[in-house]
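1. sequence first, then the predicted structure, then my questions.
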Amino acid sequence: MDKYIINGGNRLFGRVKVQTAKNSVLPILAAAVLTDKEVRVLGAPRISDVKSMVNILGCLGCATEYDGEDIVVDASCADCCEIPRALAHELRSSVFLLGPLIARFGRAKIAYPGGCDIGLRPVDLHLSGLKRLGVRIREKNGYILCDCKGLKGNEIMLDCPSVGATENIMLAAVGADGETIIKNAAREPEIEDLQKFLNGIGAEVSGAGSGTIRINGVKTLGGGAFRPMADRIEAGTFLIAAAMCGGEIVTEGISGENISSLLHKLRENGCKIRSKNDKIFLSREDALVSVKSVETQPYPGFPTDLQAQMTALCCICRGQSMVTENLFETRFKYVPELCKMGADVTVAGRTAFVRGREGFNGATVVACDLRGGAALVLAALAANGRSEVLDVSHIDRGYGMFEYKLRSLGADIVRAAV
Ligand code: EPZ
């Protein structure tokens, strides 16, 4: 169990290359099961959630290997449709295998997925969507058992624009007979990326990014190489770090378009921001000014995956802020750890009420999930004095080379075994 030792107070300067997006790579790796041709994911991030997904593909019988920066998947020899509890519990995206396994083999048996402990995280929309395509579903002893004589295209209306349910249904519909229409689909850029990948191997998907996605089922799929989009949440995390520490950084590899809701808030906080092609320039010299309210919403609203990092920023702004988490029920577990560093935050239901303070004091804190852990690192970077952030395995799930990238910007952070 590693920890970070951080001496706060350094301003951040320099350029940081954004990794490929965790939340695009994971469904694309799941989609590789759809075809018996080789798929190469270019520049996959070195993060533990991707390693877990590669292990799951291996357990299904796929030949998988890291080749330099790439991951190569050959699912031609896939011969198993079951994901055991131990593997499924490692990450939420294990549930994304339901669609491809049913499309390829007509059945699947997956233990309920794991992932960050940020709420109930039901899969009812995944299952109701698959049922609409003709899948028979039973739930027994914590496993989801699916079988289907032949997937049939249909119209599906999602009660809420769930990212995972949209992706799972897309992946099943690729192998269905006829057209599937997903209404009230999630609009995240990662879904457009999945559409691009699927069409690149011979699927017929359109409408991703809008609320309505159409999928014409096809009989065969090819293979090929694909470079997923850049990670807008990693980019946003570094931009918030620079806003909190002061200085001037450039993120490379992502357009400001994908995180415009964050950039709008950071300008309100007093940051100077310029976005050109795939670079975002941020500088902050003056005192931070609080934003009155941050409300997480499905894309293009403010991303829930930047809520914790934004709350940490609000803690050191002059004035008061309210941060409301509309997507997940318990995504404020990091707040007591922030308060150990001197933050003044009160959580009531889905809203955190923040009273800005001069700054954080160094302390020893414990990461409890991926984005909450990242928020604690940002607070420690901006704090006066020394901090330790324990259990960084949560952070390793989604941030590759995190301490190296932060050090390259001038942060005083080292990883140590506990
Ligand atoms: C994806 O999770 C992301 N994970 C999450 O990122 C992200 O926070 C989330 O989308 C929202 O943007 C991956 O892509 C691997 P949802 P997912 O289904 O698919 C409810 C990170 O930090 N819901 O869009 O699980 C659910 O309870 C992770 O990188 C149902 O009610 O999110 C939640 O309230 C954390 N029934 C809301 O929808 C369902 O069947 C949004 O969840 C499914 C979801």
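-> Yes, it's here. Numbering: from 1, shown residues only.
2. who in the stretch 251-400 of the chain is up against the ligand?
-> 304-305, 327-328, 370-371, 398 (Cβ under 6 Å from any ligand atom). All C-beta atoms are positioned from the backbone trio N, CA, C, and that covers glycine.
3. the stretch 151-300 of the chain: helices as residue ranges?
-> Ranges of helices within the stretch 151-300 of the chain are 163-173, 189-200, 232-245, 260-268, based on DSSP state H, counting those that start in this stretch.
4. if I pick the residue in the stretch 151-300 of the chain positioned nearest to the ligand, what's in contact with it?
-> Going by Cβ to the nearest ligand atom, the ligand is nearest to G164 of the stretch 151-300 of the chain, at 2.7 Å. Counting by Cβ atoms under 8 Å, 6 or more residues apart in numbering, G164 makes contact with 92-93, 95-96, 123, 126.
5. please apply the same query to S128.
-> I156 are the contacts of S128 under Cβ under 8 Å, 6+ apart.
6. one step back: how near is the residue of the stretch 151-300 of the chain closest to the ligand to V323?
-> 24 Å (Cβ to Cβ, to the nearest Å).
7. lowest confidence element among the helices and strands of the protein?
-> helix 85-88 (a mean of 88; mean pLDDT, DSSP states H and E).
8. next SSE downstream of it?
-> Next helix or strand after helix 85-88 toward the C-terminus (DSSP states H and E): helix 98-105.
9. how far does the next helix or strand after that following helix sit from the chain's center?
-> Sequence order places strand 107-111 as the next helix or strand after helix 98-105, per DSSP H and E. Distance of strand 107-111 from its chain centroid, counting by Cα atoms, centre = their mean, to the nearest Å, is 23 Å.
10. what of stretch 203-217?
-> The chain centre lies 21 Å from the centre of stretch 203-217; the measure is Cα atoms, centre = their mean.
11. that stretch near the ligand at all?
-> No. Stretch 203-217 does not reach the ligand (Cβ under 6 Å from any ligand atom); its nearest approach is 13.8 Å.
12. end to end, how far does that stretch reach?
-> 7 Å (Cα to Cα, to the nearest Å).
13. what are the buried residues along it?
-> 203, 205, 207-209, 213-215, 217 (16 or more other Cβ atoms under 10 Å).
14. need those residues in JSON lines (columns: pLDDT).
-> Shown next, in JSON lines, are the buried residues of stretch 203-217 (pLDDT from 0 to 100):
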{"residue": "A203", "pLDDT": "98"}
{"residue": "V205", "pLDDT": "98"}
{"residue": "G207", "pLDDT": "98"}
{"residue": "A208", "pLDDT": "98"}
{"residue": "G209", "pLDDT": "97"}
{"residue": "I213", "pLDDT": "98"}
{"residue": "R214", "pLDDT": "98"}
{"residue": "I215", "pLDDT": "98"}
{"residue": "G217", "pLDDT": "98"}
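15. for V135, which residues are in contact?
-> 102, 146-148, 151, 172.
16. gap between it and the ligand?
-> 14 Å (Cβ to the nearest ligand atom, to the nearest Å).
17. which element is the residue nearest to A165 when sequence neighbours are not counted on?
-> Closest residue to A165 apart from its sequence neighbours, by Cβ to Cβ, 6 or more residues apart in numbering: L125 at 3.8 Å. Taking DSSP H and E as the criterion, L125 maps to helix 124-132.
18. following that helix, which helix or strand comes up?
-> Defined by DSSP H and E, the subsequent element after helix 124-132 is strand 136-140.
19. now do that next one: everything it contacts.
-> Against strand 136-140 from outside (Cβ under 8 Å, 6+ apart): 127, 130-131, 144-148.
20. and it, what's buried?
-> Quick answer for strand 136-140 (16+ other Cβ under 10 Å): I137.
21. off-centre distance for that strand?
-> 28 Å.
22. mind listing what it pairs with, with the direction of each?
-> strand 143-147 (antiparallel) (DSSP bridges).
23. in the strand it pairs with, which residues are buried?
-> Neighbour count says strand 143-147 has 143-146 buried, by 16+ other Cβ under 10 Å.
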